[in-house]
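Visitor: no FASTA, just this:
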């Protein structure tokens, strides 16, 4: 349990017999701690907005203020980045933001953080990437490929700029998922390491003698854990926000490909 990476291990919580899917073979549908964390986060989000929308008031209470605040926050973000068309994508962007935020925050109170798994962030990133391609082709047709040739670039630089733009475009889901995965993983590892210092130094101080000085170091480590915890709460929100912002930016490229 002292291993800082132990908290990220995926294991089965409920073992369910594999299901034979034609063309795909046997699929393991067992419930793991990762899928359980995502289901709990989903349930908390649904419960929260069910309570908020159950009896809305003209003078909102605290929960209603929080709920309406998140709605207007993402609505302003979508319309601010994409323009009036951004409201069409509000349901997707808001769902993405609130679900990632819920999983990040849940990981601060439980022993497992679903977004610290690369597969989770990559799934959201690929969904966004696929949506960008579909929206770009539907709205712009072949004009979507203007995205790979920024306006104003001299013709003799096309051979250099076009490959760079194509590579950059297809790396978007990779960077989008790695950013979320890396920040959540790194923060929780740092907290676990500092927490381990507290236990180890306290055990050393219990030996007596000059080892009592280890209590001072343990106290400093405890302060480090408090600071990292506060920082990680901020990071948990920021990573959900950054994911939503980049989703808006990529959708803006798809909607306005001709103005790239």
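Guide: Great, that's in hand. Predicted model, so just to flag it, every value in this text is computed and none were measured.
Visitor: every contact and neighbour count from this point should use C-alpha atoms.
Guide: OK.
Visitor: just list what the longest helix along the chain packs against, helices and strands only.
Guide: Across the chain, the longest stretch assigned as helix under DSSP state H is helix 214-255. Applying 3 or more C-alpha pairs under 8 Å, 6 or more residues apart in numbering; DSSP states H and E, one finds that helix 214-255 contacts helix 62-82, helix 90-109, helix 118-140, helix 172-205.
Visitor: and the second one, how far from the chain's centre?
Guide: The reference is to helix 90-109. Chain-centre distance of helix 90-109: 7 Å, with C-alpha atoms, centre = their mean, to the nearest Å.
Visitor: and the angle from it to helix 118-140?
Guide: Counting by axes from the mean of the first three to the mean of the last three C-alpha atoms, to 10 degrees, helix 90-109 lies at 170 degrees to helix 118-140.
Visitor: of all the helices and strands packed on helix 214-255, which lies closest to residue 252?
Guide: helix 62-82 (4.7 Å; C-alpha to C-alpha).
Visitor: mind listing what's buried in that closest one?
Guide: 64, 67, 71, 74-79, 81-82 (16 or more other C-alpha atoms under 10 Å).
Visitor: likewise for stretch 105-116?
Guide: Quick answer for stretch 105-116 (16+ other C-alpha under 10 Å): 105-107, 112-116.
Visitor: quick one: it to chain centroid distance?
Guide: That offset, for stretch 105-116, works out to 11 Å (C-alpha atoms, centre = their mean).
Visitor: for the record, mean pLDDT for it?
Guide: Regarding stretch 105-116, the rounded mean pLDDT is 88.
Visitor: could you list the low-pLDDT ranges of the stretch 101-250 of the chain?
Guide: Along the stretch 101-250 of the chain, the parts satisfying pLDDT under 70 run over 206-213.
Visitor: follow-up on the earlier one: make CSV out of the buried residues of stretch 105-116 and add distance to residue 90.
Guide: Shown next, in CSV, are the buried residues of stretch 105-116 (distance: C-alpha to C-alpha, whole Å):
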residue, distance to residue 90
105, 22
106, 24
107, 26
112, 29
113, 26
114, 24
115, 22
116, 25
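Visitor: report the contact partners of residue 21.
Guide: Taking C-alpha atoms under 8 Å, 6 or more residues apart in numbering, we find residue 21 in contact with residue 27.
Visitor: from residue 123, how far off is it?
Guide: 21 Å (C-alpha to C-alpha, to the nearest Å).
Visitor: residue 3 in helix, strand or coil?
Guide: Classification of residue 3 by DSSP: H, G, I helix; E, B strand; the rest coil places it in coil.
Visitor: that's a strand at residue 152, yeah?
Guide: No - looking at residue 152 with three-state DSSP, it is coil, so not inside a strand.
Visitor: run a quick neighbour tally on it.
Guide: Neighbour count for residue 152, taken as other C-alpha atoms under 10 Å: 7.
Visitor: got the phi and psi for it?
Guide: Backbone geometry at residue 152, expressed as degrees, to the nearest 10, gives phi 90, psi 0.
Visitor: returning to what we had before: could you single out the nearest of the buried residues of stretch 105-116 to residue 232?
Guide: Nearest member of these to residue 232, counting by C-alpha to C-alpha, is residue 105, at 9.2 Å.
Visitor: ok, the closest one - contacts?
Guide: With C-alpha under 8 Å, 6+ apart, residue 105 has these contacts: 233, 236-237.
Visitor: quick one: which of those is most hemmed in?
Guide: Busiest of the contacts of residue 105 [other C-alpha under 10 Å] is residue 236, holding 24 neighbours.
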